[in-house]
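Peer 1: for reference, the sequence and a predicted model appear below.
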Amino acid sequence: MPPAGQCLLWLGLVLASVCASLESAAPSNSTTGPLNVLLIIVDDLRPSLGCYGDKAIRSPNIDQLASRSLLFQNAFAQQAVCAPSRISFLTGRRPDTTRLYDFNSYWRIHAGNFSTIPQYFKENGYVTMSVGKVFHPGISSNYSDDSPYSWSFPPYHPSSEKYENTKTCRGPDGQLHANLLCPVDVADVPEGTLPDKQSTEQAIRLLEKMKTSASPFFLAVGYHKPHIPFRYPKEFQKLYPLENITLAPDPQVPAGLPPVAYNPWMDIRQREDVQALNLSVPYGPIPVDFQRKIRQSYFASVSYLDTQVGHLLSALDDLQLTNSTIIAFASDHGRRVMDLVELLSLSPTLAGLAGLHVPPRCPVPSFHVQLCREGQNLGKHFQLQDLGEDPHLRGNPRESIAYSQYPRPADYPQWNSDKPSLKDIKVMGYSIRTIDYRYTVWVGFDPREFLANFSDVHAGELYFVDSDPLQDHNMYNDSQGRDLLQSLMP
C-alpha cells in the first residue's frame, strides 16, 4: 500500500483510513448571522459513490448532497491510518508536525498544544458537539476525544460501539463469530441497534435542541462504516446480488512494487472468516468467490451509511437549518474541482466559510505555535462558484500538489506493517502527488528524533497517472522516470 492517501487499493480490499473525499455545501447568501457547521466524518469511504461515477453503488443521499456541493475529485489524506489522519485534518497539521504516526500518543503532550477545528469554533462563540467516531478514541485523543478543549460538553459515543469486533456475526454453521463479513439482523444483535444508527439518532436530538439556541453550533458526526468489520443490516446485502458483483479491476500485486510498499493486511487476516481461508502470508491470493463477498459487503456498508446520512440531512431540512449551515463531508482517508487538495485544508476552509479569521500559515518549525495552519484555505473555489464563473477557470490543476506519508517497520512485509508503533518505525514513505504523477520515496526514519534521512533511500516509486491510472508500472528506475526525477532536483 503506497503512502499516497487516495483510494484505489492493490487488492480491492479496504485498509483503515485510506479514502480521501471532501465535499462542502456552500450556504445560501440570504442567511444572516453566524453560520452553523455540520461536519460529517466517515471511516474508510473510498470514492465508491455515484457522485464519483461508480455505477454499481447506490448512494442517493450522498449523491444529492454532492449535487449541490463543491465536490473535490482529487483530495488526499496526509497519512492512511485512522488516528494520524484524523489528528492531521482536525488540527490542520501534517503528521510530521503532530508526530503521531500510530495510535499511541496524545499530540498535546507529545508534540505541541495545537488548536483543533472545533476548539477554534468554540473559542469564537460556537457550541461544539461530537457524536460518534470523530477523534480516534484512545490514547491519541487522551481517552476523552480531546475534551474539554474541543467540545462544549462531553462527546457522545454509541453504547453499542463495544460490540463492533466481538462475536456477533452468525456464520453458515449457525454459530457467532468475529468475522470480516457480518450482515446482521439488527433485532438480534446486542442492544438491538448498531453504532451508526445510534449516532444518527443522537445527532438529530442535538439538532432539535440547537434549533432554538441563540448560539451557532459546530456539530461533528463520525460514522464507523464502511470500516471493517462489515457489520451492517442484512437487508442492504440484497441490493447487491453476488452474481452481479464484479472483481476488482486490478487484483494482482504490481511486478515493480517494492516490498516496503506492500501492505499484508494483517488486521483483515485476523478475522475468523478470513483465517478459515488459510491464506499464505504475506502475498497469498484471496479466493475469487471471497473477493466478491468482500466487495458485496463493502458496497452494502456504503449504502447503509448513505441511509444514515440521509436521515441526518433530512432532519436538518425539517428543522429549517440547512440554509444557515455549512455542510462538510469527508472520509478520513478520497460543483467539480480537479485541483489536488489535502484533508488538512479542511480546518482553514471551514473557518473562512464561517466568516472567522483564517489562522495564519505555520512557520517552520511550528511546534511552539498553538494556532496556525499548514493547509490552504480552499474558499476561492466557493467564491468563484458564487460568482457564476466557469469552474475550469479556477486555475491550472497541474500547479497543485498533495503530500502524504506512511510508516513501515521494515523493508519487507511483516506482522506489524499495517500500523507499526512509533518505536518500531524504521522507514517512512513520502509521496508527492500531482495531476500527472505520483512520486514516492521510502527513506530511513529515526523514531526517537522524529527525523527522516533522505540520503538513506530504501526504495522508490513513480507512476504516471494518464498512462497508468491503476499505478501498475513503477517507472522509478526507467529512463522516463529518471528524467522526471532529475527535473525535480533543486
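Peer 2: Everything's here; your move.
Peer 1: what sits closest to His311 if chain neighbours are left out?
Peer 2: Excluding the flanking residues, the one nearest His311 by CB to CB, 6 or more residues apart in numbering is Thr200, at 5.1 Å. C-betas here are computed from N, CA, C, even on glycine.
Peer 1: does His432 count as helix, strand or coil?
Peer 2: No His there; residue 432 is Ile. strand (DSSP: H, G, I helix; E, B strand; the rest coil).
Peer 1: list the buried ones in the helix or strand in which the residue nearest to His311 is found?
Peer 2: According to DSSP states H and E, Thr200 maps onto helix 195-210. For helix 195-210, burial by neighbour count (16 or more other CB atoms under 10 Å) applies to 195-204, 206-207, 210.
Peer 1: would you mind giving the residues you listed as TSV with pLDDT added?
Peer 2: Shown next, in TSV, are the buried residues of helix 195-210 (pLDDT from 0 to 100):
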residue	pLDDT
Pro195	98
Asp196	98
Lys197	98
Gln198	98
Ser199	98
Thr200	98
Glu201	98
Gln202	98
Ala203	98
Ile204	98
Leu206	98
Leu207	98
Met210	97
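Peer 1: and which of those is nearest Thr168?
Peer 2: Pro195 (11.9 Å; CB to CB).
Peer 1: if we can go back for a sec, test my guess that the residue nearest to His311 contacts Gln308.
Peer 2: Yes. Between Thr200 and Gln308 there is a contact under CB atoms under 8 Å: 4.7 Å.
Peer 1: Ser115 is in contact with Thr91, isn't it?
Peer 2: Yes. Using CB under 8 Å, Ser115 is in contact with Thr91, at 7.1 Å.
Peer 1: so the two - more neighbours on which side?
Peer 2: Thr91 (29 against 23; other CB atoms under 10 Å).
Peer 1: tell me the pLDDT of the closest residue to the more buried one other than its chain neighbours.
Peer 2: The shortest distance from Thr91 to any non-neighbouring residue, by CB to CB, 6+ apart, is to Phe114 (4.6 Å). At Phe114, the model reports a pLDDT of 97.
Peer 1: tell me how far Phe114 lies from Thr98.
Peer 2: 7 Å (CB to CB, to the nearest Å).
Peer 1: before we move on, what about Asp483?
Peer 2: 36 Å.
Peer 1: those two - which one has more neighbours?
Peer 2: With neighbours defined as other CB under 10 Å, Asp483 and Thr98 compare such that Thr98 has more, 29 against 10.
Peer 1: show me what contacts Leu346?
Peer 2: Neighbouring residues of Leu346 by CB atoms under 8 Å, 6 or more residues apart in numbering: 22, 89, 92, 117, 328, 330, 375.
Peer 1: closest one of those to His224?
Peer 2: Within those, proximity to His224 (CB to CB) peaks at Ala330, which comes in at 14.9 Å.
Peer 1: chain center to the host helix or strand of the closest one, what's the gap?
Peer 2: Assigned by DSSP H and E, Ala330 belongs to strand 325-331. Centroid separation between strand 325-331 and its chain, computed with CA atoms, centre = their mean, to the nearest Å, is 13 Å.
Peer 1: within its sheet, name the partner strands of that strand and how each one runs.
Peer 2: Here strand 325-331 has these sheet partners by DSSP bridges: strand 22-25 (antiparallel), strand 36-42 (parallel).
Peer 1: and those, which one is worst for confidence?
Peer 2: Lowest mean pLDDT within those: strand 22-25, at a mean of 41.
Peer 1: can I get stretch 161-173 in PDB, CA atoms only?
Peer 2: What follows is stretch 161-173 as a C-alpha-only set of coordinates in PDB (Å, rounded to 0.1, in the frame of the first residue of the first chain):
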ATOM      1  CA  GLU A 161     -19.700   0.500  19.800                       C
ATOM      2  CA  LYS A 162     -18.200  -2.100  22.200                       C
ATOM      3  CA  TYR A 163     -19.700  -4.900  20.200                       C
ATOM      4  CA  GLU A 164     -18.100  -4.000  16.800                       C
ATOM      5  CA  ASN A 165     -15.300  -6.500  16.900                       C
ATOM      6  CA  THR A 166     -17.000  -9.200  19.100                       C
ATOM      7  CA  LYS A 167     -18.600 -12.500  18.100                       C
ATOM      8  CA  THR A 168     -21.900 -11.100  16.700                       C
ATOM      9  CA  CYS A 169     -21.700 -12.400  13.200                       C
ATOM     10  CA  ARG A 170     -23.700 -15.500  12.500                       C
ATOM     11  CA  GLY A 171     -21.800 -17.900  10.200                       C
ATOM     12  CA  PRO A 172     -23.000 -20.700   8.000                       C
ATOM     13  CA  ASP A 173     -22.500 -23.000  10.900                       C
END
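Peer 1: in that stretch, what's buried?
Peer 2: In terms of neighbour count (16+ other CB under 10 Å), stretch 161-173 has its buried residues at 161, 163-164, 168-170.
Peer 1: with His157 as the reference, measure out to the residue nearest to His311.
Peer 2: Taking CB to CB, one finds Thr200 at 14 Å from His157.
Peer 1: now do the shared contacts for those two.
Peer 2: With the criterion set as CB under 8 Å, 6+ apart, the contacts of Thr200 and His157 do not overlap.
Peer 1: the longest helix along the chain - what's its average pLDDT?
Peer 2: Taking DSSP state H as the criterion, the chain has its longest helix at helix 288-318. When pLDDT is averaged along helix 288-318, the result is 97.
Peer 1: for the helix holding Thr200, name the packing helices and strands.
Peer 2: strand 127-132, strand 217-223, helix 288-318 (3 or more CB pairs under 8 Å, 6 or more residues apart in numbering; DSSP states H and E).
Peer 1: and that helix, how far out from the chain middle?
Peer 2: 22 Å.
Peer 1: what sits up against that helix?
Peer 2: With CB under 8 Å, 6+ apart as the test, helix 195-210 has contacts from 36, 127, 129, 131-132, 156, 158-161, 164, 186, 217, 219, 221-225, 304-305, 308, 311-312, 315-316, 319, 321.
Peer 1: ok, back up a step: so which of the contacts of Leu346 wins on neighbours?
Peer 2: Using other CB under 10 Å as the neighbour criterion, Gly92 leads the contacts of Leu346 with 30 neighbours.
Peer 1: residues contacting it?
Peer 2: Contacts for Gly92 (CB under 8 Å, 6+ apart) come out as 117, 344-348, 359, 372-375.
Peer 1: just flag the most distant two among these.
Peer 2: Farthest-apart pair in the contacts of Gly92 is Leu346 and Cys372; separation 14.9 Å (CB to CB).
Peer 1: from Leu45, how far off is the residue nearest the centre of the chain?
Peer 2: Centroid check for the chain by CA atoms, centre = their mean gives Asp332 as the closest residue, at 1.7 Å. Distance of Asp332 to Leu45, given as CB to CB: 9 Å.
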